[in-house]
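[1] Structure for this input, please:
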Amino acid sequence: MGLHLIIIGILLAFGIPLLLTPLVKKLAVAAGAIDQPGQRKIHQHPVPCWGGLGIFLGFAAALVAAAPLVAISPLSRDEVIGLLAGGLVVLVVGMIDDWKSIPPLAKLAGQIAAAAVAVSFGIRVHFVFIPFGGFIRLWPLMSIALTIVWLVAITNALNLVDGLDGLAAGIAAISAGIVAYISFSQGVAPVGICALFLGASALGFLPHNWHPAKIFMKDAGSMFLGFTLASLAAIGLTKSAVVFALILPILILGIPIFDMLLAISRRLMRGQSILTADREHIHHRLLDLGLTHRQTVLSIYGVNLLLGGSAVLLTFLKTGQGLIVLFLLCVVVLFLANRVGLLPRQRLPGPPSEDSRARQAGTHK
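    This next block holds a predicted model:
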């Protein structure tokens, strides 16, 4: 398979962010890309941003070094270019946002543009496998729309969980490792190699980002990692012959997806925009329960491993067995989420107050 190229790629992917991140930190300080403390934030001192730049450079260098292994079926040369080009677009959008804080809709437009670039190079979910229904090939427009929605959703999902030192990098590394294992086991080796490189680049950055962090990846890093994980899943996992191919990437990225869905439902129930920021994400809730910073990060790592392990298990099970596992997993996750206080609860209106009765009667007190 060209093991020497894989080893070289992993060393580049890990070594470049490990060695270059101190230089990126100096660049961020010189440019003024500094994340200041705030009410919603955990850190107490200004921290430089742009850590995602080192992650991207490590991943890109690894892909170039191992190009003969990754640009082969089912991963075409065009898809590799699309992976890097789309990743570069979302990286630049994130770096600008980390530097000058662009409006949410402008950032969303940049994410859609990055997804459109990837799709234009052939990164698409062409068909899905539905339990008991077999393979369903998507119409071209449906394929394009579903792929863009998937890429943008996961890009934002990983961005939302980037709230604690080392959290997003660790989740990305674990998820990339699971994607790599399943890809190799299902005969999609090029995707597995790319996932290994992505995981190595996240791990190379982690020593600089572990609590207390010396630099943040911020939007540039979290969006790039989320975008690339989503792209690899679209290329590889959803095309595998596993019965639960559609479910695998959702399980592997379960933590950021679950946190994103909770945030959306929470804000909608309050009549707020889904783009409104708050301090009620999973990591905030665990901190409020009394866990330390590192305990919170390691606990989320553990759940991430549980979900990823479940995805691996599904590849060995028949349809009926897999459905039972999914049902039990949903029960456990919802139970834990409820215990932690993550599930949104709609407040029922109480009896009208004296002031409200007076207003309804047209009088004022």
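
[2] okay, CA-based contacts and neighbour counts for the rest of this
    Noted.

[3] all strands in the stretch 101-250 of the chain, in order from the N-terminus.
    Using DSSP state E, counting those that start in this stretch, the strands of the stretch 101-250 of the chain run over 127-130, 134-137.

[4] Now the weakest link among those, please, by mean pLDDT.
    Sorting the strands of the stretch 101-250 of the chain by mean pLDDT places strand 127-130 lowest, at a mean of 68.

[5] Which residue is the nearest non-sequential neighbour of Leu286?
    Thr296 (6.1 Å; CA to CA, 6 or more residues apart in numbering).

[6] Likewise for Cys49?
    Phe216 (4.8 Å).

[7] for Asp162, same thing?
    Closest to Asp162 by CA to CA, 6+ apart is Ala168, at 4.9 Å.

[8] Let me see the contact set for that neighbour.
    Leu158, Asn159, Val161, Asp162, Ser222 (CA atoms under 8 Å, 6 or more residues apart in numbering).

[9] From the structure, what's the count of residues near the last one?
    Neighbours of Ser222 under the rule other CA atoms under 10 Å: 30.

[10] What sits closest to it if chain neighbours are left out?
    Asn159 (4.9 Å).

[11] And the residue nearest the centre of this structure?
    Leu158 (2.8 Å; CA atoms, centre = their mean).

[12] Just the pLDDT for that one.
    94.

[13] unless I'm mixing things up, it is touching Met223, no?
    Yes - contact criterion CA atoms under 8 Å: Leu158 and Met223 qualify, at 6.7 Å.

[14] quick one, helices of the stretch 51-200 of the chain?
    For the stretch 51-200 of the chain, the helices defined by DSSP state H, counting those that start in this stretch cover 52-65, 67-70, 77-100, 104-120, 140-160, 167-185, 189-209.

[15] Can you point out the buried residues in the first one?
    If you call a residue buried by 16 or more other CA atoms under 10 Å, then helix 52-65 has these buried ones: 52-63, 65.

[16] What is the nearest of the residues you listed to Asp259?
    Asp259 has its nearest neighbour among the buried residues of helix 52-65 in Gly52, at 21.5 Å by CA to CA.

[17] Distance check, the closest one against Ala169.
    For Gly52, the distance to Ala169 equals 10 Å [CA to CA, to the nearest Å].

[18] overlap in contacts of the two?
    Ser222.

[19] Does Val70 touch Leu63 like I think?
    Yes - using CA under 8 Å, Val70 and Leu63 qualify as a contacting pair, with a distance of 7.3 Å.

[20] any common contacting residues for these two?
    Cys194.

[21] show me what contacts Pro249?
    Pro249 neighbours (CA under 8 Å, 6+ apart): Val179, Ala230, Ala233, Leu237, Thr238, Ala311.

[22] For these, work out which two are farthest apart.
    Farthest pair in the contacts of Pro249, by CA to CA: Ala230 and Ala311, 15.4 Å.

[23] Having no further points to raise, I will conclude here.
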